[in-house]
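J.: here's my sequence, what's the structure:
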Amino acid sequence: MKRTKQEFIRFVIIGGINTFNYYAVYLLLHALLNWPYMPSHVIGFLVSFVISFFLNSYFTFRVKPTLAKFLKFPLSQVVNFTVSSLFIFIFTDYFGISSTITPIFAVFVALPATFIVTGKILKKESVSA
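T.: Numbering: from 1, shown residues only. Below you'll find the predicted structure:
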């Protein structure tokens, strides 16, 4: 239980770093270059996704990153991407909340489920290897 709590704390720290990376790319594309919010969201998500894989491997779960894990890692982000994209769309288009801030709120909605799935994917091979 203590290990899981420590992993979750590290996951939240890495999540903060990833959120910053995502939001920086998102704002660059959306606010500065005037791209639509959804393509900006997708590209920001992809950039932070790659960084997230390596940070979560080395720092959060302390496992060696492998190509096999990298190829499975997108599964950990399906829930995250789906929930955050839906949240951004609904709150921007239907509730009129600024598209420059809705991505920040979306992060917190998907966090718990993303932690569980990420841990299962990254730690699974390290146990059986």
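
J.: any idea how many residues pack against Lys124?
T.: 13 (other C-beta atoms under 10 Å). Glycine gets a C-beta too; all of them are placed from N, C-alpha and C.

J.: which residues are in contact with the nearest residue to Tyr22 once chain neighbours are set aside?
T.: For Tyr22, ignoring the flanking residues on the chain, the nearest one in space by C-beta to C-beta, 6 or more residues apart in numbering is Ser48 at 3.8 Å. Listed by C-beta atoms under 8 Å, 6 or more residues apart in numbering, the contact partners of Ser48 are 18-19, 21-22, 25.

J.: one more time with 6 Å, if that's ok
T.: Under the criterion of C-beta atoms under 6 Å, 6 or more residues apart in numbering, the neighbours of Ser48 are 18, 21-22.

J.: next, the buried residues of whichever strand or helix holds it.
T.: When elements are assigned from DSSP states H and E, Ser48 belongs to helix 37-55. Neighbour-count burial for helix 37-55 flags 37, 40-41, 43-45, 47-49, 52-53, 55 (criterion: 16 or more other C-beta atoms under 10 Å).

J.: next: stretch 113-129.
T.: Of the residues in stretch 113-129, those with enough neighbours to count as buried (16+ other C-beta under 10 Å) are 114-115, 117-119, 121-123.
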